[in-house]
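Trainee: This is a predicted model, with the sequence first.
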Amino acid sequence: MSAAIERVVTHGTFSLDGGTWDVENNVWIVGDTREVLVIDPAHDAASIAKVVGDREVTAIVCTHAHNDHINAAPELAERTGAPVFLHLDDRLLWRQVHPDRGPDGYLSDARRLKVAGTELVVLHTPGHTFGAVSLYAPEMGVVFTGDTLFAGGPGATGRSYSDFTSIIRSIRDRLLVLPPDTQVLTGHGEATTVGIEAPHLQEWIDRGH
């Protein structure tokens, strides 16, 4: 069986710089009937583990280290025995949430992760956070963008460890160069495609300034 994608929507809060907001997160599960990879384990490890079932979890991958994308990672790792991966540049954000438990390994640009015969390529896409990454699965025609690119524009950059110029550069040079029919699966909200978003780049730049 070829790899498929499942979405689990979890509910919780996002906290940074003294503020807290209610959020819904997309947790993505990529794999087949035997093994899966989990992207952005948010809020509710039990619900994620229930969907995983008795399948092997080969890796837990965090697109960035905001608390709402990593708060369930240690518990899910304990439940499944899977390693947790994050980009090194987000280690300070991680420590704010999990000071006593680090990731099991660090992601780097162009690293390849394999699950159920499918390869996901790590794209370092800083801006929303310094260590934000996207995961591109060319065989599936999908890119998981975390909070870097949404339907309607880039992720927020008005808080600590973020930078607007960097996120625009990441979107322009790493994401919008992918095939136009590439499906963009985001950290919150609904999916979009590279072709839908690409024409609006200049609007985002103008709005950001």
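Mentor: Done, it's in. Remember, it's a predicted structure, so these values are computed and weren't measured experimentally.
Trainee: Now do the strands in this protein.
Mentor: 4-16, 19-31, 35-39, 56-61, 84-87, 105-107, 112-115, 118-124, 133-137, 142-146, 149-150, 153-154, 183-186, 192-193 (DSSP state E).
Trainee: What's the mean pLDDT across the second one?
Mentor: Model confidence over strand 19-31, given as mean pLDDT, is 98.
Trainee: Only C-alpha atoms, please: export it in PDB.
Mentor: The C-alpha trace of strand 19-31 is given here as PDB (Å, rounded to 0.1, in the frame of the first residue of the first chain):
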ATOM      1  CA  GLY A  19       0.000  36.400  25.500                       C
ATOM      2  CA  THR A  20      -2.100  33.300  25.100                       C
ATOM      3  CA  TRP A  21      -4.600  32.400  22.300                       C
ATOM      4  CA  ASP A  22      -7.000  29.500  21.700                       C
ATOM      5  CA  VAL A  23      -6.000  27.600  18.600                       C
ATOM      6  CA  GLU A  24      -6.800  24.500  16.500                       C
ATOM      7  CA  ASN A  25      -3.900  22.700  15.100                       C
ATOM      8  CA  ASN A  26      -3.500  20.300  12.200                       C
ATOM      9  CA  VAL A  27      -1.500  17.200  13.100                       C
ATOM     10  CA  TRP A  28      -0.400  15.300  10.000                       C
ATOM     11  CA  ILE A  29       0.200  11.600   9.900                       C
ATOM     12  CA  VAL A  30       2.000  10.200   6.800                       C
ATOM     13  CA  GLY A  31       2.300   6.500   6.200                       C
END
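Trainee: name the helices or strands packed onto it?
Mentor: Counting contacts by 3 or more C-beta pairs under 8 Å, 6 or more residues apart in numbering; DSSP states H and E, strand 19-31 packs against strand 4-16, strand 35-39, helix 45-52, helix 67-70, strand 183-186. Every C-beta, even on glycine, is put in place using the N, C-alpha and C of the backbone.
Trainee: And those: which comes nearest Lys114?
Mentor: When these are compared by C-beta to C-beta, strand 35-39 sits nearest Lys114, at 8.7 Å.
Trainee: Alright, that wraps it up for me.
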